[in-house]
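**Q** Predicted model and sequence follow; I will ask about them next.
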Amino acid sequence: MDAVMAMPAELRERDLGASHKGLIETLNHILMADRVWLARIHGVAAEPSGEPIEVEWARVQENWERWAATIADEDLVRVIDYRDMKGNAHRSVLSEIVMHVVNHATLHRGQVMAMMRQLGVAPPATDLIFFYREQAAAAS
């Protein structure tokens, strides 16, 4: 998010012909999915906040982290009933939903990195090990 937001608006908003057009649209898609799935596991409707993407992104991430801190292993086998974006009813195991959310965001973050390179901008390191190293450095 920070790397994309540091780019000129024209580059952030350019349609690059990707599955979600360009950088901002792809980031908005990740955010929307994260918000929708979090609402589904809580059994509530997903409502966009209307805040700038970087503000809402941080809020949704914080809500996921707060939720994750409250669940126990036995919660992960719970079945969640929800409706997809077309209104079709579905049932999924909570652990599968969590894995889907992570996998979905990983796919689209990879697309963002590729689009940044296409625009001549070096993306930040996104491998998980770099995140772990950053967290360890911040803790010490």
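**A** On my side now, so go ahead.
**Q** Quick one: end-to-end length of stretch 119-130, please.
**A** End-to-end distance of stretch 119-130: 23 Å, with Cα to Cα, to the nearest Å as the criterion.
**Q** So for that stretch, mean pLDDT?
**A** The average of the pLDDT scores along stretch 119-130 is 94.
**Q** can you check stretch 40-54 too?
**A** 93.
**Q** Show me what counts as buried in that stretch.
**A** For stretch 40-54, the neighbour count (16 or more other Cβ atoms under 10 Å) marks 40, 41, 46, 53 as buried. For every residue, glycine as well, the C-beta is placed using N, CA and C.
**Q** Could you let me know which of the residues you listed ends up closest to residue 99?
**A** Top of the list for closeness to residue 99, among these and by Cβ to Cβ, is residue 41 at 12.8 Å.
**Q** if I read this right, that closest one contacts residue 67, doesn't it?
**A** Yes: with contact defined as Cβ atoms under 8 Å, residue 41 and residue 67 form a contacting pair (7.3 Å).
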